[in-house]
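> sequence and predicted structure below; questions after.
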Amino acid sequence: MPSYNRFNNGRRSVSRVRAVAAILMAASLCNPGLGAQAAASSASGTKIDTDQRILHVLNRFTFGATPGEMAAVRKVGIDAWFEQQLHPSSIPDRDVDARLAEFPALRLPVPTLLERFPSGAMIRQTANGKLAEPRDPYLSAIYNRHIDLYEEKQAKKADEKPKMATDTDMATIGIVAGQAQGQLPLNQKGKARLDKGRPAYAELLVKTTLALPPDERVKRILTMQPEEYGQLQDSLKGPQKMLVTQDMTPAQRELVEDFDNPTRTVVRELQGQRLLRDIYSKRQLQEVMTTFWLNHFNVYLHKNDEAPYYLVSYERDVIRPRALGNFEDLLVATAESPAMMLYLDNATSTGPDSPAVEKQKQRVTMGKPAKKGTPPGLNENYARELMELHTLGVNGGYTQKDVTEVAKVFTGWTVDQPALGGGFKFDETRHEPGKKLVLGKKIKENGQKEGLQLLHMLATSPATAHFIAQELAVAFVSDTPSPALVNRMAQTFLKEHGDVAAILKTMLHSPEFWASDVYQAKMKTPLEYVISAARASGVEIEDTQPLANALNQMGMPLYSCVPPTGYSAKAEEWVSTGALVTRMNFALSLATNHFPGIKAKWVPGHLEESGPNQSEQLLEARLIPAGVSEKTRAAVIDQATGQASGLPTGTTAGVEGNQGNMPIAARALSPSARQTAIERQNAQLAGLLLGSPEFQRR
């Protein structure tokens, strides 16, 4: 690897390393045929050895191996490990349970969740007098704050300029900046007015607020006027922002976040629990399959005001409990889910000849105006995606006529008061009467049962069996799976009535799954990459937001795929030079502890006497058990050595004489300097390995 001049500034030198490493990585990953490179090293023919088989299973059926996990699987055997994973309730998961205790909101039913963390629609209805304010004083304060913000926004839209009190008025009222409660003067509308020319007040506001014990701090924040709270937020600097909720209970922290932005709190907890489960759960197969089905039955997070709240229940009550169960049960549960009905607009679909429409026609005939909330008509969105994406597939043999008929079948399947978090409801008055003809089969008029009959028909179709088998094979085996494997899995689907566990067993026991040309041949999606890097690093996470932000930057934000297709599992979607540079930047930031609230340790005792070559070998065995190429290894050592010594890469001169490539223990360093050098060296090695072409694959 050529030598590169480094900047004296540490931040700029890190950027240079990222750029160099990313260019090398992009050149390797974009090279056709690299997918089989790792497999080629596994010998000849079509078999991989025992340890490679264990690693292969962990790479495909978990979010990546953690240190020591290969030994655990080796001890019990692949089949026994897999069988246990198929029964997640038998696996204790106390660590995850303890971490999820930080998110009490996620245990609430949707109506309570919406009341406790009001959506924009809830605030609007309360402001307009359609809903009563909650009696709880804390919740009342939260509602009042967001009603104030809503009304101010409406006033701006109407170009209304609020009248402020005159200087004489304000002088009369007076400002007592030293009050513990920090009360501010009011304008003519009764709202607090801040004097922006008083930085001393802002400093005092921050100081007195942060000095309060947690319970008093909560009360103090919830009694602030909007402008006062805004000044507090604007005046908090760096670590002070973390101190606002320091030592608070999860419920107290939720109240403070609720005061700021209720919906954002729900989204943060929803994303946070997902990341923590994926990283720390011992029930890895259940989490992997939960991700698979959430993607297959995709629901967009920002479809409407209620979507984040319904997604909590969608994942918790619909997807995860059925992730390893029966496909038809899962299909019916998603069809009845408010999250799905609102996302694909079936909640508003109304039969053209339904009683509700006929009643409106009669009103028009009598010269009366249509009632507010007139049924909008037939909506085919869910019907189309049900067949194209959820069951039969795009080539499943259905026609546009079938789409229309399916849409008629599901008229009346709706949501009871979605703004208040209501559940599934069948509205007979909006259901299209008469028989329907779908895929050449008659469905007699039978109300809600028509939909259940149709779902059963689709769930037991050979086309559905093949489509689901194909998707599973692409996700877990290869971007271009063997037709023989897909057909074998499809036959199991039909024979076992859609039993997901049986289909996965068929996959596991198929020779195509173990072929050397699929070993280390799948490109990780951004989610798989971020989670596997965290798992391999053994990081301790207090704040998952940096990981969620990283997924946003990599183009795979959680729950935010807009089209119903979901995210692709194929490499072509994720391989580009820009995307790989972003991954390398993430890897180095993770390894060098640049993410607040996420801590990795790279100073195990047995590395302290090691030079960069020995350290790289030990870290490589930990992070990438499949190994890396000589080219990658040399590049990683060269770059990390330059970073640790502070000298141009490719040189042998060190900071203290010619010590740059000497083992750290052999250098003339003080104990603290040696510790720092070890940490820097190993963090850089780890970051470069996590960003290497080999770690990108599974």
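Yep, that arrived.
> contact partners for residue 74?
50, 51, 54 (CB atoms under 8 Å, 6 or more residues apart in numbering). For every residue, glycine as well, the C-beta is placed using N, CA and C.
> closest to residue 241 among these?
Using CB to CB, residue 54 comes nearest to residue 241 of these, at 43.7 Å.
> what's the helix or strand for the closest one?
Under the criterion of DSSP states H and E, residue 54 resides in helix 50-61.
> restrict that helix to CA atoms and write it as PDB.
Only the C-alpha atoms of helix 50-61 are listed here, as PDB (Å, rounded to 0.1, in the frame of the first residue of the first chain):
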ATOM      1  CA  THR A  50     -17.000 -27.800  10.400                       C
ATOM      2  CA  ASP A  51     -16.000 -24.400  11.700                       C
ATOM      3  CA  GLN A  52     -17.000 -22.800   8.500                       C
ATOM      4  CA  ARG A  53     -20.400 -24.500   8.700                       C
ATOM      5  CA  ILE A  54     -20.900 -23.100  12.200                       C
ATOM      6  CA  LEU A  55     -19.900 -19.600  11.000                       C
ATOM      7  CA  HIS A  56     -22.200 -20.000   8.000                       C
ATOM      8  CA  VAL A  57     -25.200 -20.800  10.200                       C
ATOM      9  CA  LEU A  58     -24.500 -17.900  12.500                       C
ATOM     10  CA  ASN A  59     -24.000 -15.500   9.600                       C
ATOM     11  CA  ARG A  60     -27.300 -16.500   8.000                       C
ATOM     12  CA  PHE A  61     -29.600 -17.100  11.000                       C
END
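> how about that helix, which residues are buried there?
The neighbour-count check on helix 50-61 (16 or more other CB atoms under 10 Å) flags 52, 53, 54, 55, 56, 57, 58, 59, 60, 61 as buried.
> setting the sequence-adjacent residues aside, check what's closest to residue 320.
residue 290 (4.8 Å; CB to CB, 6 or more residues apart in numbering).
> quick one: contacts of stretch 88-103?
Counting by CB under 8 Å, 6+ apart, 84-85, 106, 250, 269, 272-273, 276-277, 280-283, 285-286, 324 sit against stretch 88-103.
> repeat that for stretch 462-471.
296, 327, 391-393, 396-397, 458, 481, 486-487, 489-491, 493-494, 498, 503, 569.
> next, count neighbours for residue 299.
By other CB atoms under 10 Å, the residues close to residue 299 number 26.
> list the residues that contact it.
307, 310, 311, 314, 339, 340, 343, 559.
> how close does it get to residue 508?
Residue 299 sits 29 Å away from residue 508, going by CB to CB, to the nearest Å.
> in ChimeraX, how would I select the buried members of the contacts of stretch 462-471?
Selection of buried members from the contacts of stretch 462-471 for ChimeraX, criterion 16+ other CB under 10 Å:
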select :296,327,391,392,393,396,458,481,486,489,490,491,493,498,503,569
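> of the contacts of residue 74, closest to residue 450?
Closest to residue 450, out of all of these and judged by CB to CB, is residue 54, at 48.7 Å.
> contacts only, for that closest one.
Going by CB under 8 Å, 6+ apart, the list of residues near residue 54 reads 70, 73, 74, 78.
> those in helices, which ones?
The helices, defined by DSSP state H, take in 70, 73, 74, 78 from the contacts of residue 54.
> would you turn these into TSV with pLDDT?
Below are the ones in helices among the contacts of residue 54 laid out as TSV (pLDDT from 0 to 100):
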residue	pLDDT
70	90
73	94
74	93
78	96
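> what is the nearest of those residues to residue 534?
residue 70 (17.7 Å).
> I figured that closest one hits residue 51, correct?
Yes: between residue 70 and residue 51 a contact is recorded at 6.8 Å, counting by CB atoms under 8 Å.
> and the spatially closest residue to residue 496 that is not a sequence neighbour, what pLDDT?
Nearest non-adjacent residue to residue 496, counting by CB to CB, 6+ apart: residue 502, 4.0 Å away. Per-residue confidence at residue 502 stands at 98 (pLDDT).
> roughly how far apart are residue 502 and residue 354?
From residue 502 over to residue 354 the distance is 41 Å, taken as CB to CB.
> which of the two has more neighbours?
Comparing residue 502 with residue 354 by other CB under 10 Å, the one with more neighbours is residue 354, at 24 against 17.
> which residues does the nearest residue to the more buried one once chain neighbours are set aside contact?
The shortest distance from residue 354 to any non-neighbouring residue, by CB to CB, 6+ apart, is to residue 430 (5.0 Å). By CB under 8 Å, 6+ apart, the contact list for residue 430 reads 349, 350, 351, 354, 355, 356, 357, 375, 411, 412, 414.
> among these, which lie within helices?
Among the contacts of residue 430, the members falling in helices (DSSP H) are 355, 356, 357.
> quick one: the residue nearest to residue 496 and residue 320, what's the gap?
The gap separating residue 502 from residue 320 is 19 Å, by CB to CB.
> if we can go back for a sec, which residues do residue 70 and residue 51 both contact?
residue 625.
> next, the closest residue to residue 66 other than its chain neighbours: secondary structure please.
Among residues not flanking residue 66 along the chain, residue 535 sits closest, at 4.9 Å (CB to CB, 6+ apart). Put simply, residue 535 is helix when judged by DSSP: H, G, I helix; E, B strand; the rest coil.
> same check on residue 437?
strand.
> if I pick the closest residue to it other than its chain neighbours, what's in contact with it?
The spatial neighbour of residue 437 that comes closest, neighbours along the chain excluded (CB to CB, 6+ apart), is residue 405 at 5.8 Å. Applying CB under 8 Å, 6+ apart to residue 405 gives the contacts 436, 437, 438.
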